[in-house]
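Visitor: make a model of this:
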Amino acid sequence: MTQVARDRQLPPPDVFDRMCPSRGVLEHVTSRWGVLVLGALDERGYRFSELRRKVSGVSEKMLAQTLQTLERDGFVLREAHPVIPPRVDYSLTPLGREAARLVAALAHWSEERVPAVLSARAEYDARPR
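Guide: Alright, predicted model coming up:
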């Protein structure tokens, strides 16, 4: 048990308990944009605009929200440089790198299994109703 858990006298983590804080963490790292941002930052650090191009389809607002959430959870490091024009770099913390590697495995698995999923969908859709 961590010092924070002892100080707050939290019960042991149980993701199946609706009140467990681990559910929020799981939601943040496994959200559509969370997975993709963690995966991109696992390759290297990015500036905001570069990251937005890398994670195709994410709006500026959603990317900003996702980065802020992941930063708050301790997964992302935001480094603002005092230059003009402003420059902000994003990278993973050690905790973020650990999470990124775990969700990357799931992302790669989903890429590899697309044919099987598409086949299952076609079979399902062909069933009589």
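Visitor: so, low pLDDT: which residues of this protein?
Guide: 1-8 (pLDDT under 70).
Visitor: that one: helices as residue ranges?
Guide: Counting by DSSP state H, residue ranges of the helices within the chain are 3-8, 22-30, 32-43, 48-54, 60-72, 94-112, 114-126.
Visitor: any idea which of these is most buried?
Guide: Of all the helices of the chain, helix 32-43 has the most neighbours on average by mean count of other C-beta atoms under 10 Å, namely a mean of 20. Just so you know, the C-beta spots here come from the backbone N, C-alpha and C atoms, and that holds for glycine as well.
Visitor: residue nearest the centroid of this protein?
Guide: residue 34 (2.4 Å; C-alpha atoms, centre = their mean).
Visitor: ok, residue 117 - contacts?
Guide: Applying C-beta atoms under 8 Å, 6 or more residues apart in numbering to residue 117 gives no contacts.
Visitor: then residue 47?
Guide: Applying C-beta under 8 Å, 6+ apart, we find residue 47 in contact with 87, 88, 89, 90.
Visitor: mind putting the helices of the chain into JSON lines with distance to residue 15?
Guide: What follows is those, written out as JSON lines (distance: least, C-beta to C-beta, whole Å):
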{"stretch": "helix 3-8", "distance to residue 15": "15"}
{"stretch": "helix 22-30", "distance to residue 15": "5"}
{"stretch": "helix 32-43", "distance to residue 15": "16"}
{"stretch": "helix 48-54", "distance to residue 15": "28"}
{"stretch": "helix 60-72", "distance to residue 15": "18"}
{"stretch": "helix 94-112", "distance to residue 15": "14"}
{"stretch": "helix 114-126", "distance to residue 15": "25"}
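Visitor: so which of those helices is nearest residue 14?
Guide: With C-beta to C-beta as the measure, helix 22-30 is the member of the helices of the chain nearest residue 14 (7.5 Å).
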